[in-house]
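# Sequence plus the predicted model coming up.
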Amino acid sequence: MKTKSSKQHTVSRAILFLLLSGMISLANATTITFDVSNIGGNTWEANYTVTNDTLGFDLEEFSVVFELGLYENIVASATPVDWDPLVFQPDSALPDDGLYDVLALSGGIASGGTLGGFQVQFDFLGAGAPGSQAFTVVDPFTFDNLEGGLTVATTVIPLPAAAWLFVGGLSILVGFGKKSRKCHQ
């Protein structure tokens, strides 16, 4: 049985954890989400949406990294008006990752604003679907990296796949339960 002191200690730890996790989530001011679709074979298209959550100024340039060995044949397929894309292919001779860099020709994404329509086609050499990628927000005048993070997938596992996973997991648990009861008899 927990004493009043240990209960207070547990509550204090929980509050500290919630505060720290809140600070960590605020540390990354820019969010880049994406959804991907397979457009044939190992060719995919990613559609990125950028949100300037808390920067105190317009976001005017960002880059998304395409890891060497996982991506090739990167093409900027669509970009919002007044944004200029530049693509660097992954290069095993250097060796270096690929890069999709986008520069605002006027304005940018205002603080608190969101802009979508950054589309990139590429060949994915990994298993399954492409996942999160590193990104950086760049100062277009000094080329300093202002911040970075990982893109976040907005694609949701289709319900039938999730249902099969649930049923499979439930079956395993039921099987272990039956085996456990037989052992205790």
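Yep, that arrived.

# contacts and neighbour counts: CA atoms only from here.
Will do.

# can you give me phi and psi for L68?
Backbone dihedrals for L68, given as degrees, to the nearest 10, come out at phi -60, psi 130.

# ok, and the closest non-adjacent residue to it?
D97 (4.5 Å; Cα to Cα, 6 or more residues apart in numbering).

# From P90, how far off is the one you found?
Going from D97 to P90 by Cα to Cα, to the nearest Å gives 5 Å.

# Give me the common contacts of those two.
Shared contacts of D97 and P90 (Cα atoms under 8 Å, 6 or more residues apart in numbering): F66, E67, L68.

# Surely the second one and S92 touch.
What that stands for is E67. No. With contacts defined as Cα atoms under 8 Å, E67 does not count as touching S92, sitting 10.7 Å away.

# distance of the nearest residue to P130 once chain neighbours are set aside from N38?
Counting by Cα to Cα, 6+ apart, F124 is the residue found nearest to P130 once chain neighbours are left out, at 6.7 Å. In this view, F124 and N38 are 10 Å apart by Cα to Cα.

# can you check A110 too?
Taken as Cα to Cα, the span from A110 to N38 is 32 Å.

# Going toward the C-terminus from the lowest-mean-pLDDT helix or strand in the chain, what's the next helix or strand?
Lowest mean confidence among the helices and strands of the chain (mean pLDDT, DSSP states H and E): helix 4-27, at a mean of 45. Once the chain leaves helix 4-27, the next helix or strand it forms, by DSSP states H and E, is strand 30-40.

# so what does that next one touch, helix or strand wise?
strand 43-52, strand 145-150, strand 152-153 (3 or more Cα pairs under 8 Å, 6 or more residues apart in numbering; DSSP states H and E).

# In a markdown table: those strands, plus mean pLDDT and distance to S132.
Listed next are these as a markdown table, based on pLDDT from 0 to 100; distance: least, Cα to Cα, whole Å:
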| stretch | mean pLDDT | distance to S132 |
| --- | --- | --- |
| strand 43-52 | 96 | 11 |
| strand 145-150 | 94 | 6 |
| strand 152-153 | 94 | 6 |
